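Peer 1: Structure of the sequence below:
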Amino acid sequence: MKIVKLRVTTENAHEEVYRWDPGKPLINLTYANVIKSLRTLTNRGYESFILRYNDGFDMCRIMNTKDLRCAINYLQQKPSRDDCLQLYAEPQKEERNPCGQTQIGVFPTFFKPIEPKVEQSSRNSATESGKPSKVGPIRRSRRKRSKAV
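Peer 2: Presented below is the predicted three-dimensional model:
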């Protein structure tokens, strides 16, 4: 069993299957080697992938080289019909920026945190004590209001 079958789920819920010969014994594979080969095989610019394997009951996640080696040992003990090591890969949704620039959010400098409303009594006490308040002094309108007839 020297061939690794990489099943990659794409954005449209389609599955692409790649047969990959690592060129060295499977027990010497590292997590970084598998991720690097997935990047070159898919050629879509994804930064990272989520790797999984099927243990017969559940889909187990591979997070590092130690998990990968455990998966290889398990899958070699229970060979598949086509004598391949089957790994399932799901690309993470954020794509790499081809120019290497950081993306800026929409209007980053114009948004300010919303300040909570200050109660009326606390505003009056702040203006009467002579301390400047965040809201400013409270002014009453000089316009005379007529009573409704």
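
Peer 1: Settle this for me: Y46 is touching Q92, isn't it.
Peer 2: Yes. Counting by Cβ atoms under 8 Å, Q92 is a contact partner of Y46 at 6.4 Å. C-beta: built from backbone N, CA, C; applies to glycine.

Peer 1: mind showing which ranges of the protein have poor pLDDT?
Peer 2: Along the chain, segments meeting pLDDT under 70 span 1, 93-149.

Peer 1: quick one, strands of it?
Peer 2: Applying DSSP state E to the chain gives strands spanning 4-9, 15-20, 49-54, 59-62, 85-91.

Peer 1: Other residues contacting the longest one?
Peer 2: Think strand 85-91. 1, 3-10, 26, 34, 38, 42, 44, 46, 48-54, 59, 62, 71-72, 75-76, 80 (Cβ atoms under 8 Å, 6 or more residues apart in numbering).

Peer 1: Run me through the strand neighbours of that strand, direction for each.
Peer 2: Paired strands of strand 85-91, with direction, are strand 4-9 (parallel), strand 49-54 (antiparallel) (DSSP bridges).

Peer 1: Now do the helices in the protein.
Peer 2: Here the chain has its helices, by DSSP state H, at 31-42, 65-77, 120-128.

Peer 1: got a markdown table for those helices, with mean neighbour count and distance to R19 too?
Peer 2: Shown next, in a markdown table, are these (neighbours: other Cβ atoms under 10 Å; distance: least, Cβ to Cβ, whole Å):
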| stretch | mean neighbour count | distance to R19 |
| --- | --- | --- |
| helix 31-42 | 15 | 10 |
| helix 65-77 | 15 | 15 |
| helix 120-128 | 12 | 71 |
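
Peer 1: Could you provide those helices in a markdown table, with additional columns for distance to L87?
Peer 2: Supplementary listing: these in a markdown table, determined by distance: least, Cβ to Cβ, whole Å:
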| stretch | distance to L87 |
| --- | --- |
| helix 31-42 | 7 |
| helix 65-77 | 7 |
| helix 120-128 | 62 |
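
Peer 1: Of those helices, which is nearest C84?
Peer 2: helix 65-77 (9.1 Å; Cβ to Cβ).

Peer 1: Lovely, talk soon.
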